[in-house]
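**Q** Please work out how this folds:
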Amino acid sequence: MLYNIKRIVIIILTVLLLTGCWGRREVNEIAIVTATGIDLMENDSIRVTLLLAVPRLIGTSSVNGGGDSKLEVTAGWVVSEQGKTVMEAYNNLQGKLPRKIFFSHNRVIVIGEKLARNGTLPILDFFIRNKQSQLKSTIIVTKFEATDVLKFKPKFEKLASEVMKGELHESSGTSVQLGRFITMLMDEGQEAYAPQISIVPSEKGGDGSTNLMVSQGAAVFQGDRLVGWLNDIEIMELLWLRNEKQEGVVTLEIPKKLGGGYVSGEMTNVHSKVVPIQQNGTITVDIEISSLLNVYENTSKLDLNSLKDRSILSNLFAKEVMGDIEMLCTKVQKELRSDIFGFGQKMYKQDPQIWKTNYANNWKAMFPEIEVDTLAKIMVVQTGLIGKGAIKEDIR
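**A** Numbering: from 1, shown residues only. Presented below is the predicted three-dimensional model:
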């Protein structure tokens, strides 16, 4: 009897496991979105642009085995439509397409500058609510129109969305996902930032017929509105302060009194410690950055086999990093007035009650007046096969 019951249970479980996917959609029934672009138009309407993957072209070199084709390189199709809201524009797009729009593979959301300056939360509301949306989609801001970025024709990849993800990883090392971007907008004591993507000529002075997609710094927000930009060096330093990046290349000009020239090295194992201090009603922030340095190029007179010269170089790099961090703080505090460092967030974590009582309601006015003290500790660990710069008379 017990044996028969076991057999019945096994049969029931097997039948349950063999049930099909009731909500499945075949690939030939859907239009797969790999990237979405959002722009604000002159009439205040929203333009939604989609980069759709063309499955039959992925993995092929061309449409007809040779010749020129608009789909030859990208294996993607760009479509766009306008509406008073993102949902209305999406619905207008759906009416033009023979397949159901499928957002589950959306890799990036590109926001044009004009829309970003007008406010991002209203348009992001659609992506937060849509059940197909991925909170891991990367947020990107561009000084161009988002449509232009999605129309970019890549040379090494089949889809512009893949180029964007790869460029952000290789260049700036930052990737702000939708979920994290929303968290930064909502959190106490910090503002949001997002990487910037631009289209530039592959040759300086070229005719623009061949372009490259590059990461060029970051967009800085106050609330949900874009207020300014950081360049490549500044975003690297911001990520150092937030402990979101542990490396970066720095080039140092050696003073003339030490022989002049340049030293380029890669900082590794970068770690920062940011401590806000409240005393007598004033706030100061102590920043300490430590790093190892691998020297990759030396055109100076310094002999890096010498402990004395290595110590001099360490101090020079530390001074350079401190100066750059101080300039970044000045720009962010005085010009952009946006706490992308998260100083307020650290104070909130120290004591939520004091934060809410004394600082939360007036933080925007207080942040630009905070005094920042910076200390950098750099240790030279690798200098290569030779100590001196590769100057002929010095290495004979």
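
**Q** got a list of what Asp339 touches?
**A** Going by C-beta atoms under 8 Å, 6 or more residues apart in numbering, Asp339 touches Gly189, Gln190, Glu191, Val332, Gln345, Trp363, Phe367. The way it works is simple: take the backbone N, C-alpha and C, and place the C-beta from them, glycine included.

**Q** Next, it: secondary structure please.
**A** Following DSSP: H, G, I helix; E, B strand; the rest coil, Asp339 is assigned to coil.

**Q** Would you mind giving both backbone torsions of it?
**A** phi -80, psi 70 (degrees, to the nearest 10).

**Q** can you check the one 3 residues further on too?
**A** Here is the backbone geometry of Gly342 (degrees, to the nearest 10): phi 80, psi 30.

**Q** now the contacts of Asp339 in CSV, with secondary structure and distance to Asn315?
**A** Below are these laid out as CSV (DSSP: H, G, I helix; E, B strand; the rest coil; distance: C-beta to C-beta, whole Å):
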residue, secondary structure, distance to Asn315
Gly189, coil, 34
Gln190, coil, 33
Glu191, coil, 34
Val332, helix, 26
Gln345, helix, 32
Trp363, helix, 36
Phe367, helix, 31
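
**Q** Identify, from those, the entry nearest to Tyr90.
**A** Glu191 (28.8 Å; C-beta to C-beta).

**Q** Find the residue closest to that closest one in space, skipping its chain neighbours.
**A** Once flanking residues are discounted, Glu191 sits nearest to Ser338: 4.3 Å by C-beta to C-beta, 6 or more residues apart in numbering.

**Q** now swap in Val270 and tell me
**A** Leaving aside its sequence neighbours, Val270 sits nearest to Ser291 (C-beta to C-beta, 6+ apart; 4.5 Å).

**Q** what's the answer for Phe127, then?
**A** Nearest non-adjacent residue to Phe127 (C-beta to C-beta, 6+ apart): Ser133, at 4.5 Å.

**Q** I'd assumed that neighbour was in a helix, is it?
**A** No: using three-state DSSP, the assignment for Ser133 is coil, not a helix.

**Q** can you tell me which residues contact it?
**A** Ser133 neighbours (C-beta under 8 Å, 6+ apart): Phe103, Asn106, Phe126, Phe127, Leu178.

**Q** Relative to Glu42, how far out is the second one?
**A** Read it as Asn106. According to C-beta to C-beta, to the nearest Å, Asn106 stands 27 Å off from Glu42.
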